[in-house]
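**Student:** take this sequence and fold it.
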Amino acid sequence: MKNATGVFYISVAVLIGLVLLGVFIPERLEEMTGKGQGFMTDSFGWYYLSIVTLFLVTCIYLLFSPVGRIKLGKVTDKPEFTRPTWIAMLFSAGLGIGLLFYGVHEPLSHYIISSPTGQEGTDQGVKDAMRYTFFHYGLSAWAIYGIIGMILAYFTFRKGELSLVSKTLRPLIGKHADGTTGKVIDIISVIATVMGVATSLGFGAMQINGGLTYLFDIPSNILVQGIIILVITILFLISATTGISKGIKILSNLNMGMACVLFLFVFIFGPTLFILNLFVDTIGLYLQNIVQMSLRISPLNEDTRSWINGWTIFYWAWWIAWSPFVGVFIARISRGRSIREFVVAVLFIPSLIGFLWFTTFGSAGIMTEMAGNISISALAPETALFGVLGELPLPLITSLFTIALIATFFITSADSGTFVLGMLTSNGSQNPTAQIKLVWGVMMSAIAIVLIYSGGLQGLQNTMILAAFPFSIILLMMLLSFIKALRKEAKELGIGKLPVVKKKLPKS
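**Tutor:** Here you go, the predicted structure:
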């Protein structure tokens, strides 16, 4: 296959083995992932919390550091996309399906089913539910994406390296970045990416099925979900052949527009004043408690620790497994931005959008539950959003609109995923061939079906946590390599330990 590397063939072989395992012995696959997930969360929960906190601290430091003016590219490089389009592409690739799947379910689950602080059904429980939802989708999550995206953009566009994870480690491992060690690192990155995207595709298919079940009593099973994945696969493969400046760009802008329409509808026809009050209150609680939440492992309380494993550790693993995909993608679209501009856009803007989204949909779910007309908390996670829309005006129209929105997020994530995987397996090509992207599109969809078939929602979560662990180690190595390279460049530019007022950093 043209431009395909050894990383491509080895990664495909490993993933085909996983698909065959899931097809022929699904119970065994579910058992293996379940045991692995239990071991990881019990033994390495402290590790996940620590490294994610480190990533956030590093991003905040770079935001205020003099090196924040360094450009992710050469002096003459200009951004390829406008800021609105850039942010839309960041957002669509990063969190689209997660917001729709968990927008109602997570806050309501924390409030009614299992509170992070043991305050189920109370006024305090509402506040705790929202601040932990903010925590899971806020600065910490985007710091993971920001770190890898910034590092890849820096080494690719400023240092002239190939757009591969292994090449970012050159300051740390030297010539080994080009040898077997580098190839192993890239294979791990590819497998983590496939697992991350496939898991999200699984969530998307389950939610589309949930909406169809809620509206039209269509069965919710693996056959229907498989058909949904098949149809969406055909659509995103068509989009994948058009390139990043057409298909992904158009779909990202469409996603943001449709998401804004749905958001405004629920905001206006939902509990508007309650949403505004809860948003402001939760922002304060989030900022006051972010350090405590970031390092909360609860070693003396088994129930609380179980909650942390099932939610916080799961999310950190999900974001880490997604990070090579999102990181490579946002690096590709961020050429010409400064480190400071990159951190602001990647860290704060998507977090704020997520906070507004979860407050609006979470509040609508909680108030609907309190009204007593329907128990949203009793619905399956993939159906909760449709239960809320059923209590608002024009339920059929808004539900069908939401299904279409989920489909567009599904297509955008898969389209972006095939693009990134094509880059990672064709020696960092900025425009991978359509043939390689088609192979990865089919592979991601096959993995998504197998994961649903072998373990459903829990199987998706288990696989995510397992896929994240090896790549988290690579992320730490990338950070060390980046700091080493950045310190060297800062010294060359003359800023070193000198105060900024004494020597200005060149605009490069």
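**Student:** show me the shaky parts of this protein.
**Tutor:** By pLDDT under 70, the low-scoring segments of the chain are 91-96, 240-249, 455-461, 496-508.
**Student:** where is the longest helix in it?
**Tutor:** helix 434-493 (DSSP state H).
**Student:** which strand or helix spans the nearest residue to residue 471 once chain neighbours are set aside?
**Tutor:** Closest residue in space to residue 471, ignoring its immediate chain neighbours: residue 192 at 4.1 Å, by C-beta to C-beta, 6 or more residues apart in numbering. All C-beta spots, glycine's among them, are computed from the backbone N, C-alpha and C. In this structure, residue 192 sits in helix 180-216 according to DSSP states H and E.
**Student:** elements contacting that helix?
**Tutor:** helix 6-24, helix 83-102, helix 222-240, helix 314-332, helix 384-389, helix 395-424, helix 434-493 (3 or more C-beta pairs under 8 Å, 6 or more residues apart in numbering; DSSP states H and E).
**Student:** nearest to residue 370, out of those helices?
**Tutor:** helix 384-389 (12.4 Å; C-beta to C-beta).
**Student:** so where do the helices sit in the stretch 1-150 of the chain?
**Tutor:** 6-24, 26-64, 83-102, 105-108, 123-137, 139-153 (DSSP state H, counting those that start in this stretch).
**Student:** buried stuff in the first one?
**Tutor:** The neighbour-count check on helix 6-24 (16 or more other C-beta atoms under 10 Å) flags 7-8, 10-12, 15, 18, 22 as buried.
**Student:** show me what it is in contact with.
**Tutor:** 1, 28-29, 183, 186-187, 190-191, 194, 424-426, 436, 439, 443, 446-447, 450-451, 453-454 (C-beta atoms under 8 Å, 6 or more residues apart in numbering).
**Student:** now the buried residues of helix 6-24 as a markdown table including distance to residue 414?
**Tutor:** A markdown table is the format used below for these (distance: C-beta to C-beta, whole Å):
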| residue | distance to residue 414 |
| --- | --- |
| 7 | 20 |
| 8 | 18 |
| 10 | 22 |
| 11 | 17 |
| 12 | 17 |
| 15 | 15 |
| 18 | 18 |
| 22 | 19 |
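**Student:** the helix holding residue 192 vs helix 83-102, what angle?
**Tutor:** Angle, helix 180-216 to helix 83-102, by axes from the mean of the first three to the mean of the last three C-alpha atoms, to 10 degrees: 60 degrees.
**Student:** returning to what we had before: mind giving me the PyMOL select for the contacts of helix 6-24, buried ones only?
**Tutor:** To isolate the buried members of the contacts of helix 6-24 in PyMOL, using 16+ other C-beta under 10 Å:
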select buried, resi 29+183+186+187+190+191+194+424+425+426+436+439+443+446+447+450+451+453+454
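**Student:** for the longest helix of the chain, packing partners?
**Tutor:** By 3+ C-beta pairs under 8 Å, 6+ apart, helix 434-493 packs against helix 6-24, helix 26-64, helix 139-153, helix 170-173, helix 180-216, helix 222-240, helix 314-332, helix 395-424.
**Student:** if we ignore the residues flanking it in sequence, what's nearest residue 442?
**Tutor:** Nearest to residue 442 is residue 233, by C-beta to C-beta, 6+ apart, at 7.0 Å.
**Student:** no, scratch that, I was asking about residue 86
**Tutor:** Residue 86 sits nearest to residue 333 (C-beta to C-beta, 6+ apart), 6.1 Å away.
**Student:** that neighbour against residue 82, yeah?
**Tutor:** No. Using C-beta atoms under 8 Å, residue 333 makes no contact with residue 82, being 11.1 Å away.
**Student:** quick one: list the elements packing against the helix or strand encompassing residue 343.
**Tutor:** Assigned by DSSP H and E, residue 343 belongs to helix 339-343. If contacts are counted by 3+ C-beta pairs under 8 Å, 6+ apart, helix 339-343 sits against helix 26-64, helix 139-153.
**Student:** please state the offset of it from the chain centre?
**Tutor:** Averaging C-alpha positions (C-alpha atoms, centre = their mean, to the nearest Å) puts helix 339-343 19 Å from its chain's average.
**Student:** and after it, which helix or strand comes next?
**Tutor:** helix 349-371.
**Student:** can I get the CA coordinates of stretch 44-60 in PDB?
**Tutor:** Provided in PDB are the C-alpha atoms of stretch 44-60 (Å, rounded to 0.1, in the frame of the first residue of the first chain):
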ATOM      1  CA  PHE A  44      -2.700   3.000  39.500                       C
ATOM      2  CA  GLY A  45      -5.500   5.400  40.400                       C
ATOM      3  CA  TRP A  46      -3.000   7.600  42.200                       C
ATOM      4  CA  TYR A  47      -0.800   7.600  39.100                       C
ATOM      5  CA  TYR A  48      -3.600   8.800  36.700                       C
ATOM      6  CA  LEU A  49      -4.600  11.600  39.100                       C
ATOM      7  CA  SER A  50      -1.000  12.800  39.500                       C
ATOM      8  CA  ILE A  51       0.000  12.900  35.900                       C
ATOM      9  CA  VAL A  52      -3.200  14.700  34.800                       C
ATOM     10  CA  THR A  53      -2.600  17.300  37.600                       C
ATOM     11  CA  LEU A  54       1.000  17.700  36.300                       C
ATOM     12  CA  PHE A  55      -0.200  18.300  32.700                       C
ATOM     13  CA  LEU A  56      -2.600  21.100  34.000                       C
ATOM     14  CA  VAL A  57       0.100  22.700  36.100                       C
ATOM     15  CA  THR A  58       2.500  22.700  33.100                       C
ATOM     16  CA  CYS A  59      -0.100  24.300  30.800                       C
ATOM     17  CA  ILE A  60      -0.800  27.100  33.300                       C
END
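**Student:** and residue 303, how far from residue 116?
**Tutor:** Distance of residue 303 to residue 116, given as C-beta to C-beta, to the nearest Å: 10 Å.
**Student:** the two - which one has more neighbours?
**Tutor:** residue 116 (21 against 10; other C-beta atoms under 10 Å).
**Student:** my guess is that one contacts residue 128. True?
**Tutor:** Yes. Using C-beta under 8 Å, residue 116 makes contact with residue 128 at a distance of 5.7 Å.
**Student:** overlap in contacts, these two.
**Tutor:** In contact with both residue 116 and residue 128: residue 110, using C-beta under 8 Å, 6+ apart.
**Student:** can you count the residues close to residue 328?
**Tutor:** With other C-beta under 10 Å as criterion, residue 328 counts 28.
**Student:** pretty sure it is touching residue 428, no?
**Tutor:** No. With contact defined as C-beta under 8 Å, residue 328 does not count as touching residue 428 (9.2 Å).
**Student:** overlap of the contact sets of the two?
**Tutor:** With C-beta under 8 Å, 6+ apart, residue 328 and residue 428 have common neighbours residue 163.
**Student:** can you tell me the closest non-neighbouring residue to residue 185?
**Tutor:** Using C-beta to C-beta, 6+ apart, the nearest residue to residue 185 is residue 166, at 4.4 Å.
**Student:** list the contacts for that neighbour?
**Tutor:** Per C-beta under 8 Å, 6+ apart, neighbours of residue 166: 177-178, 181-183, 185-186, 189.
**Student:** quick check: the farthest pair among the residues you listed?
**Tutor:** 178 and 189, at 15.6 Å, using C-beta to C-beta across the contacts of residue 166.
**Student:** quick one: which of the two has more around it?
**Tutor:** More neighbours surround residue 189 than the other of residue 178 and residue 189, with 29 against 15 (other C-beta under 10 Å).
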